[in-house]
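In: predicted model follows, preceded by the sequence.
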Amino acid sequence: AQLEYAVGGVWDRVSEKGLLEYIFWGLELVVERMDGIYTFTGVLMNVPDSMEYQWGKTIVVGFAMLVPTFIWEEKYDYLRTVITWGAGIFGPDAEGSGISITHPGELFLNFGPIGMLLGMMMFGAAFRLIHNWLVSGRRFFGIVIYAVIWPTLVVPEHPIAAYFSDAFKQIVLLVLISWIAGARWKWQRGKSRLHVSVQ
């Protein structure tokens with residue numbers, strides 16, 4: 001049934017718009033989902049009028065996301081009281097939808113234009129540091145870990161708290177797996193690189 005639905009949807013689009021226009025529409029949709037430009041524009045237009053600056057509230061909640069649900073059963077009820085930007089910025093119709101605020105949008109929501117610029121510079125520095133730690137030494141497990149977390153790093157669409165709590169959990173899990181598999185992690189003095197070797 002799902003395959004029939006997908007094929008029918010594609011066929012309807014192609015027969016309505018033509019193959020070339022359908023391809024360009026699909027590419028535009030992919031790029032828009034990656035950079036979230038329309039959502040980001042909505043944030044710029046509506047903050048602080050529709051929703052006040054949050055001063056880090058929607059970002060630090062990422063620490064709460066690290067707590068397992070079996071320990072804190074009411075975790076998601078609490079998160080819904082803190083992360084209210086969907087309805088607060090885009091109206092009640094956005095509640096529960098797949099809309100995402102984007103990294104620059106969330107930084108703007110929390111700290112305004114200056115905080116957004118500084119925050120994006122910090123993201124760039126952090127991504128460079130992660131790359132140097134994991135990839136510069138050309139160590140097998142470092143490259144594997146970076147390959148797994150790369151999709152998380154390169155797509156700025158997701159909310160920051162969920163983005164970093166997921167990335168943190170992935171990194172911890174992959175480091176444990178590589179350690180169990182026989183990798184030896186060591187910090188080399190005088191260099192900002194984390195080396196891993198397999199013996």
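Out: Structure received. Numbers count the residues shown, from 1 in each chain.

In: helices and strands around the lengthiest helix in the chain, which ones?
Out: If each helix of the chain is counted by residues according to DSSP state H, the longest one is helix 103-134. Counting by 3 or more CB pairs under 8 Å, 6 or more residues apart in numbering; DSSP states H and E, the packing neighbours recorded for helix 103-134 are helix 37-46, helix 57-60, helix 85-90, helix 140-154, helix 160-180. In short, each C-beta sits where N, CA and C put it, glycine included.

In: poorly predicted segments of the chain, please.
Out: 32-36, 92-99, 183-199 (pLDDT under 70).

In: on that earlier part again, deepest of the helices and strands packed on helix 103-134, which one?
Out: Here the criterion is mean neighbour count by mean count of other CB atoms under 10 Å, and of the helices and strands packed on helix 103-134 the winner is helix 85-90, at a mean of 20.

In: for residue 112, find the nearest of the helices and strands packed on helix 103-134.
Out: Evaluated with CB to CB, the helices and strands packed on helix 103-134 place helix 37-46 nearest to residue 112, the distance being 10.7 Å.

In: now the angle from the closest one to helix 103-134?
Out: 130 degrees (axes from the mean of the first three to the mean of the last three CA atoms, to 10 degrees).

In: name the residues of the longest helix of the chain that come out as buried.
Out: Neighbour-count burial for helix 103-134, counted by 16 or more other CB atoms under 10 Å, picks out 103-111, 115-116, 119, 123, 130, 133-134.

In: return the distance of residue 142 relative to residue 136.
Out: Using CB to CB, to the nearest Å, residue 142 is found at 8 Å from residue 136.

In: how about residue 76?
Out: From residue 76 over to residue 136 (counting by CB to CB), the distance is 39 Å.

In: higher neighbour count, these two?
Out: A side-by-side neighbour count of residue 76 and residue 136, using other CB atoms under 10 Å, places residue 136 first with 14 against 11.

In: what helix or strand does the more buried one sit in?
Out: Following DSSP states H and E, one finds residue 136 outside all helices and strands.

In: same check, this time on residue 8
Out: Counting by DSSP H and E, residue 8 is part of helix 2-17.

In: ok, residues contacting the next helix or strand after that helix?
Out: Using DSSP H and E, the helix or strand that follows helix 2-17 in sequence is helix 19-35. With CB atoms under 8 Å, 6 or more residues apart in numbering as the test, helix 19-35 has contacts from 10, 13-14, 17, 38, 102, 155-157.

In: in ChimeraX, how would I select the buried members of those residues?
Out: With 16+ other CB under 10 Å as the criterion, this ChimeraX line picks the buried residues out of the contacts of helix 19-35:
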select :102,155,156,157
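
In: now, which of the contacts of helix 19-35 sits nearest residue 174?
Out: Closest to residue 174, out of all of the contacts of helix 19-35 and judged by CB to CB, is residue 155, at 18.6 Å.

In: if I look at the closest one, how far off is residue 167?
Out: On the measure of CB to CB, residue 155 and residue 167 end up 11 Å apart.

In: hmm, residue 146 and residue 131 touching each other?
Out: Yes - Residue 131 lies in contact with residue 146 (CB atoms under 8 Å); the separation is 7.0 Å.
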